[in-house]
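1. Starting from these lines, generate the structure:
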Amino acid sequence: MPEYIITILIGTLLTVIGYLINDKLSGIKDALKDLKDEISKLNELYHDHEVRIQKLEDEVE
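-> Residues are numbered from 1 along each chain as shown. Prediction:
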């Protein structure tokens with residue numbers, strides 16, 4: 001089998017593997033972005049509850 005055919009096959013295989021890895025990394029990136037958004041929402045809710053607690057404590061005093 002000529003060497004150039006083996007080289008082409010190896011190059012094609014590496015290209016396919018590269019596309020698969022890139023696709024997985026893109027999915028992970030999207031998942032991390034979604035997680036960041038959810039954490040931001042939770043932080044906002046936590047802050048809102050702190051403000052409410054402080055208002056209630058001020059009313060009690």
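
2. Restrict stretch 11-27 to CA atoms and write it as CSV.
-> Extracted in CSV, the C-alpha atoms of stretch 11-27 (Å, rounded to 0.1, in the frame of the first residue of the first chain):
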residue,chain,number,x,y,z
GLY,A,11,-4.9,12.7,8.4
THR,A,12,-8.6,12.0,7.8
LEU,A,13,-8.8,10.0,11.1
LEU,A,14,-7.1,12.9,13.0
THR,A,15,-9.5,15.4,11.4
VAL,A,16,-12.5,13.4,12.4
ILE,A,17,-11.2,13.0,16.0
GLY,A,18,-10.5,16.8,16.1
TYR,A,19,-14.1,17.5,15.0
LEU,A,20,-15.5,15.1,17.7
ILE,A,21,-13.4,16.7,20.4
ASN,A,22,-14.4,20.2,19.3
ASP,A,23,-18.0,19.2,19.4
LYS,A,24,-17.7,17.8,22.9
LEU,A,25,-15.8,20.9,24.1
SER,A,26,-18.5,23.1,22.6
GLY,A,27,-21.2,21.2,24.5
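
3. Centre of the chain to it, how far?
-> 18 Å (C-alpha atoms, centre = their mean, to the nearest Å).

4. Residue 18 and residue 33, how far apart?
-> With distances taken as C-beta to C-beta, to the nearest Å, residue 18 is found 22 Å from residue 33. C-beta here means a position set from N, CA and C on the backbone, and glycine is covered the same way.

5. Residue 21 now?
-> Counting by C-beta to C-beta - residue 21 and residue 33 are separated by 19 Å.

6. Kindly report the same for residue 12.
-> Distance from residue 12 to residue 33, by C-beta to C-beta: 32 Å.

7. Same check on residue 24?
-> The gap separating residue 24 from residue 33 is 15 Å, by C-beta to C-beta.

8. Please apply the same query to residue 13.
-> According to C-beta to C-beta, residue 13 and residue 33 sit 31 Å apart.

9. With residue 43 instead?
-> Distance of residue 43 to residue 33, computed by C-beta to C-beta: 16 Å.
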